[in-house]
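Enquirer: One predicted model, sequence on top.
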There are 4 protein chains.
Amino acid sequence: MTQPATTRVARRRDRRKAEIVRTATALLSEHGYQGMNLEDVAERTDIAKATLYHYFSGKDELVAAVIEAMTTEVNQRLEQELGRVRDRSHLEQIRTLMREQIRILTDTAPEVAPLFSWPTTWPDSFQDTIKDSRRRHDAIFRRVVEAGLAAGEFDCPDADVALQCLHGVLNQSSLWIRPSLPPERKAQLWDAVVDTASRMLSLRAASAG
Amino acid sequence: MTQPATTRVARRRDRRKAEIVRTATALLSEHGYQGMNLEDVAERTDIAKATLYHYFSGKDELVAAVIEAMTTEVNQRLEQELGRVRDRSHLEQIRTLMREQIRILTDTAPEVAPLFSWPTTWPDSFQDTIKDSRRRHDAIFRRVVEAGLAAGEFDCPDADVALQCLHGVLNQSSLWIRPSLPPERKAQLWDAVVDTASRMLSLRAASAG
Amino acid sequence: MTQPATTRVARRRDRRKAEIVRTATALLSEHGYQGMNLEDVAERTDIAKATLYHYFSGKDELVAAVIEAMTTEVNQRLEQELGRVRDRSHLEQIRTLMREQIRILTDTAPEVAPLFSWPTTWPDSFQDTIKDSRRRHDAIFRRVVEAGLAAGEFDCPDADVALQCLHGVLNQSSLWIRPSLPPERKAQLWDAVVDTASRMLSLRAASAG
Amino acid sequence: MTQPATTRVARRRDRRKAEIVRTATALLSEHGYQGMNLEDVAERTDIAKATLYHYFSGKDELVAAVIEAMTTEVNQRLEQELGRVRDRSHLEQIRTLMREQIRILTDTAPEVAPLFSWPTTWPDSFQDTIKDSRRRHDAIFRRVVEAGLAAGEFDCPDADVALQCLHGVLNQSSLWIRPSLPPERKAQLWDAVVDTASRMLSLRAASAG
DNA sequence: GATGAATGAGATTTCATTCAT
DNA sequence: TATGAATGAAATCTCATTCAT
């Protein structure tokens, strides 16, 4: 009776929800929106299908939760790494972001790659959710690129174009850098990609590198 | 007495098949493999559902035909453009390929982008078809990149990495360069992307450009 | 111009029909009425499905033709064998019929067994056709059994019961005497069955045998 | 706290399953495997088509359950009757089995006759199930026949042949002894068939009867 | 809160039959 | 006569969602 009764219960509820979201993320990545079914989600979470409806109002709300969780988690990691190099050059900052993004997609959480990096075919009702997710993710990179340009550190003519090309390179990494590669080999490839992508932003730095 | 049996009748059949494939491509792009249904394909082609089975043994064969048609068409266009600049520098050649690829994805046949450029979630039975398609497409770019490297015209350290980054940039274009933009604006963006991507292959050319 | 033009044409037509009926018999036996489809009949006869409709008004007419052909052929064989022993005892006559019936079901035309001997599940519209077929077939055996009883040669108390039991024994033979057995073994089994079944009609003869 | 989980709920589930199997048996008998459809099974059981899939994974599993249920029930009845005459002669034992088998096919459960006694056309995947069912059924009769032979009580030369002829006679009964006959008439026919069939096993007994 | 049961809507596929050539 | 094309009707099976306990 010390704490409001909702606390313990609510925590338990949140843990349950997170567990479901975790399962759903994996299945969604594997089979896409239409291919994922609640039966499988329930079974893998070891609960009954009907129980899902105690936590989410339906398939769409569950999927929205997956997207939100992914976005939040990825962005948190990026911000955190960015914080560590706040004092370094903008080039170093953007390289840090690139490296962390690739690491997430090919090592830390490769299961989010299919959903997070490429446009799956979502029902129309998800367009806004998706767009919002992408915007929040892009904003982190954009801040650094624009600052770098303003500081004369980058020499690309157009920030928008550069950012899109950057995203393309990073996203593509999840397609060809296998999570199962040996760690040293993966680290090599990460560096190679970061180097290659950096050239799009700064020629000087690249020739120096 | 009659013409070789493969003439009028067979041509008619092929035309019909192509028509169905066209419809299916659009729906497949919009909704993905699981989201596309034969009811819609039939209705949009203005035939009965059962009629589809005269031309394709089932959903999977139809989808395979879509993939094959897309691959063939895209590669043909690339080869054709490449042929026109056979005598120019390798940089010019790869720039031609890049420009044509972006043009296809954002102007000529934007409906192929979701299927051709990004990995949708396919049933396992399609893994081989998809892999083969990607390999044939990549081969065209690879030829030029490796020749350029051999000729000392490109200065990227690793052809594989460069190619993957290239594909990433090109694929991404379909996500942000809207087919509906005014033609001049599109042309500007194409050039900007080609310039940006070129820097990944050759620093000299880029600073000159 | 000598013979009416219909003769040659009609003969050709009849040959075609017989060929189709032959194919249909096999497929009908294998898969039953519902399991047999016209596509397969056409393909195995090497004609187009639509062509079947030049010879039969539909599936049901074709199936009726199969039943009629089977009945006629089986009965003809029975009558023919019966003719050969017209002068012998009734016991010898019924044994001849039994033996010929078993031979048909397990050697001469084993493909008719499933349709002819056992009650497949036919649509209601076939009840009459089937009943008629069975009646005509039964009549041949009945004649002999009744004559034998009248002559005091058989000692079974009831002709109807005896006939039904007889049919049961004969039909069953197609289930366990494999057409693929070596001929001598088959002949042995035929004799054994005929001996066993004969005991139901005449105890004296049996103990003598 | 609650009863073992397998009690009330599971019993309810089993009752439901049995109800479905009962309906399916009737329809299967009437129309055969291909002719039976789940729509009808559902409607006659007064449940939705989709509900069937809660109890059986598909048509085949349902049909397999029907076969298993029939086999078990028929064999149980036979064993039970056999138990009652354990002390009597082998002839009396086999006559008991025969009579009970006929009773089942023409009175107790005539709906199993078309499936249980005669070979319908099953898909290949059912061959094993069917064969197993027949083997278990035959074994009951075989035990008695072989014992009777060993005891010198029967004088048929070959147990296999005699058993097959026996099955033929019994099975045939379902084709001509109408369940709708008045009970006394049916009882007369049962006796007549049993008497007739007995002659195949033992001449002495028959002439005595 | 948890769950087994139930179901309507819809997806893929099959097939007898018709039609135009 | 022969046939490719076309199709409506139906069959099996799936799945998100609701409901009673």
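Expert: Right, received. Where do you want to start?
Enquirer: what's the helix or strand hosting residue A:127 packed up against?
Expert: Using DSSP states H and E, residue A:127 sits in helix A:127-150. Contacts defined by 3 or more C-beta pairs under 8 Å, 6 or more residues apart in numbering or on different chains; DSSP states H and E place helix A:127-150 against helix A:59-84, helix A:90-103, helix A:159-176. Where C-beta positions appear, they are placed from N, C-alpha and C, glycine not excepted.
Enquirer: Give me the buried positions along the first one.
Expert: By that I understand helix A:59-84. A:59, A:62-67, A:69-71, A:73-74, A:77-78, A:81-82 (16 or more other C-beta atoms under 10 Å in any protein chain shown).
Enquirer: who touches residue A:156 in this structure?
Expert: Residues in contact with residue A:156 (C-beta atoms under 8 Å, 6 or more residues apart in numbering or on different chains) are A:149, A:162, A:200, A:201, A:202, B:196.
Enquirer: Considering these, which possesses the most neighbours?
Expert: Of all these, the highest neighbour tally under other C-beta atoms under 10 Å in any protein chain shown goes to residue A:201, namely 28 neighbours.
Enquirer: Quick check, that one in contact with residue A:148.
Expert: Yes: here residue A:201 reaches residue A:148: they are 7.0 Å apart, a contact under C-beta atoms under 8 Å.
Enquirer: who touches both of these two?
Expert: Common contacts of residue A:201 and residue A:148, defined by C-beta under 8 Å, 6+ apart, comprise A:91, A:94, A:154.
Enquirer: Now render the residues you listed as JSON lines, adding distance to residue C:27, neighbour count and pLDDT.
Expert: JSON lines is the format used below for these (distance: C-beta to C-beta, whole Å; neighbours: other C-beta atoms under 10 Å in any protein chain shown; pLDDT from 0 to 100):
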{"residue": "A:91", "distance to residue C:27": "76", "neighbour count": "21", "pLDDT": "96"}
{"residue": "A:94", "distance to residue C:27": "71", "neighbour count": "28", "pLDDT": "98"}
{"residue": "A:154", "distance to residue C:27": "75", "neighbour count": "25", "pLDDT": "96"}
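Enquirer: need the contact list for the residue nearest the centre of chain A.
Expert: Per C-alpha atoms, centre = their mean, the C-alpha nearest to the average position across chain A is that of residue A:74, at 4.0 Å. Contact analysis of residue A:74 by C-beta under 8 Å, 6+ apart lists A:101, A:104, A:109, A:112, A:116, A:137.
Enquirer: and the helix holding residue A:127, how far out from the chain's middle?
Expert: Centroid separation between helix A:127-150 and its chain, computed with C-alpha atoms, centre = their mean, to the nearest Å, is 12 Å.
Enquirer: Extract the C-alpha trace of that helix and format it as CSV.
Expert: What follows is helix A:127-150, C-alpha atoms only, in CSV (Å, rounded to 0.1, in the frame of the first residue of the first chain):
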residue,chain,number,x,y,z
GLN,A,127,2.4,6.3,-44.2
ASP,A,128,2.4,8.9,-41.5
THR,A,129,4.0,6.8,-38.8
ILE,A,130,6.7,5.8,-41.2
LYS,A,131,7.3,9.3,-42.5
ASP,A,132,7.6,10.5,-38.9
SER,A,133,10.1,7.8,-38.1
ARG,A,134,12.2,8.7,-41.0
ARG,A,135,12.1,12.3,-40.3
ARG,A,136,13.3,11.9,-36.7
HIS,A,137,16.1,9.7,-37.8
ASP,A,138,17.2,12.0,-40.6
ALA,A,139,17.2,15.0,-38.3
ILE,A,140,20.1,13.6,-36.3
PHE,A,141,22.3,13.3,-39.4
ARG,A,142,21.0,16.6,-40.9
ARG,A,143,22.1,18.6,-37.8
VAL,A,144,25.7,17.5,-38.2
VAL,A,145,25.8,17.9,-41.9
GLU,A,146,24.4,21.3,-41.9
ALA,A,147,26.7,22.4,-39.2
GLY,A,148,29.6,21.0,-41.0
LEU,A,149,28.6,22.8,-44.2
ALA,A,150,28.1,26.1,-42.3
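Enquirer: which parts of that helix are buried?
Expert: Across helix A:127-150, burial judged by 16+ other C-beta under 10 Å covers A:129, A:130, A:133, A:134, A:137, A:138, A:141, A:142, A:144, A:145, A:148, A:149.
Enquirer: Check whether the top helix by length along chain A comes into contact with DNA strand E.
Expert: Longest helix in chain A by number of residues, with DSSP state H as the criterion: helix A:6-35. Yes: using C-beta under 7 Å from any atom of the strand, helix A:6-35 comes into contact with DNA strand E via residue A:16.
Enquirer: Direction-wise, compare that helix with helix A:59-84 and give the angle.
Expert: Counting by axes from the mean of the first three to the mean of the last three C-alpha atoms, to 10 degrees, helix A:6-35 lies at 110 degrees to helix A:59-84.
Enquirer: Show me what helix A:6-35 is packed up against.
Expert: Secondary-structure packing of helix A:6-35 (3+ C-beta pairs under 8 Å, 6+ apart): helix A:38-45, helix A:49-55, helix A:59-84, helix A:113-116, helix B:8-35.
Enquirer: ok, back up a step: what does the helix holding residue A:127 contact?
Expert: With contacts defined as C-beta under 8 Å, 6+ apart, helix A:127-150 is touched by A:64, A:67-68, A:70-71, A:74-75, A:78-79, A:82, A:90-91, A:93-94, A:97, A:116, A:119, A:122, A:154, A:156, A:159, A:162-163, A:166-167, A:201-202.
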